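In: A predicted structure for the sequence below; I have some questions about it.
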Amino acid sequence: MATIRYVIEARLGLVAILGETGVGKTMLIRTCMARMTYPQVKMIYFPHAQISFADILTQACHALDVEPRQTTIAALIRDLQGALIDAYRKERLVALIIDDVHHMPLETMQSLRLLLNLETPKAKLLQLVLCGHPAVEKIWNLADLEPLKQCLMMRVAIEPLTPAESRAYIQQRLSHVTRRLTPVFTDRALKRIVRHTAGIPRTINTVCNNALIEGFAYQHNPVSDAIVKRAMAHLAGLAPSPWLTHSLIFVLGFLAGIGLLAGLMFTPAVQGVALSLLQTLVR
């Protein structure tokens, strides 16, 4: 978190944040944005990279309260440059963050270097943060993208969690939805989850969600290693889901028994599934 904040505030120009799928890049970026909400920083976030360069320029202008006068690339760049110069004079920092950059069209990526030409003799006017899968570096090695690669000032690698960090992550997520003092998972169950998920937060969420669902259905309290193993088999398509084979009262009884009735799930998406199936589980 501190590293990402530094590379933005240092006005380095182009920075890459790279990590495997599910490692938490987007969560980290959004958390950083939420904490950098003071008036002198303007963060312009693009959650998807499948976008044209003209659209990037147009949306950046709108984010800076500028209505483009024309729609040509040259005119859009002039409008954006004017807004950035005004922000610089007011000592405001502007950062443009693009997520899933490995999905960006090659033509758009080639044009990004034009944004890095927007500068004063002392500093870049726009901080460009590209977030994506490490495979994007193979794309940057293409001859047509060499000018962009040469502008890259820093790479930040987001690594998977260590086993100890994975355990702490699970406990931290559970602490938000239950105050129970006894374990939700047995120690063997936790060890299996940590070993299987290899430190990928998204995978941890998925396995824990499914293990909790299996635990509800089979009344394993705390959730046992056997239940976690079954949940993994279900995720792999090797075992049926237990949801629709048990009564609502049965499931709610288990929920109440482990103290998670009012908001158990690791993610809102899973809560939505529970609501649609049972019309009773709430956040």
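Out: Thanks, I have it.

In: rest of the way, CA atoms for contacts and neighbours
Out: OK.

In: Compute the number of surrounding residues for the residue lying closest to residue 125 once chain neighbours are set aside.
Out: Ranked by Cα to Cα, 6 or more residues apart in numbering and with sequence neighbours excluded, the top spatial neighbour of residue 125 is residue 119, at 4.8 Å. Applying other Cα atoms under 10 Å, we find 16 residues neighbouring residue 119.

In: Just the pLDDT at residue 119, thanks.
Out: According to the prediction, residue 119 has pLDDT 92.

In: That one contacts residue 88, doesn't it?
Out: No. In this structure, residue 119 is not within contact of residue 88 by Cα atoms under 8 Å, at 9.7 Å.

In: overlap in contacts of the two?
Out: Shared contacts of residue 119 and residue 88 (Cα atoms under 8 Å, 6 or more residues apart in numbering): residue 125.

In: follow-up on the earlier one: name whatever forms a beta bridge with the residue nearest to residue 125.
Out: On the basis of DSSP bridges, residue 119 is bridged to residue 124.

In: Residue 12 versus that one, what's the distance?
Out: Computed as Cα to Cα, to the nearest Å, the residue 119 to residue 12 distance reads 11 Å.

In: what does residue 132 give?
Out: Separation of residue 132 from residue 12 (Cα to Cα): 18 Å.

In: Mind checking which of these two has more residues around it?
Out: In terms of neighbours (other Cα under 10 Å), residue 132 is the more surrounded of residue 132 and residue 12; the figures are 24 against 20.

In: Quick one: residues contacting that one.
Out: Residues near residue 132 by Cα under 8 Å, 6+ apart: 16-20, 25, 99-102.

In: how about the residues you listed in JSON lines, adding distance to residue 111?
Out: Putting the contacts of residue 132 into JSON lines (distance: Cα to Cα, whole Å) gives the following:
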{"residue": "16", "distance to residue 111": "16"}
{"residue": "17", "distance to residue 111": "19"}
{"residue": "18", "distance to residue 111": "20"}
{"residue": "19", "distance to residue 111": "23"}
{"residue": "20", "distance to residue 111": "25"}
{"residue": "25", "distance to residue 111": "24"}
{"residue": "99", "distance to residue 111": "16"}
{"residue": "100", "distance to residue 111": "17"}
{"residue": "101", "distance to residue 111": "13"}
{"residue": "102", "distance to residue 111": "15"}
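
In: and residue 130, what helix or strand is that in?
Out: Assigned by DSSP states H and E, residue 130 belongs to strand 127-132.
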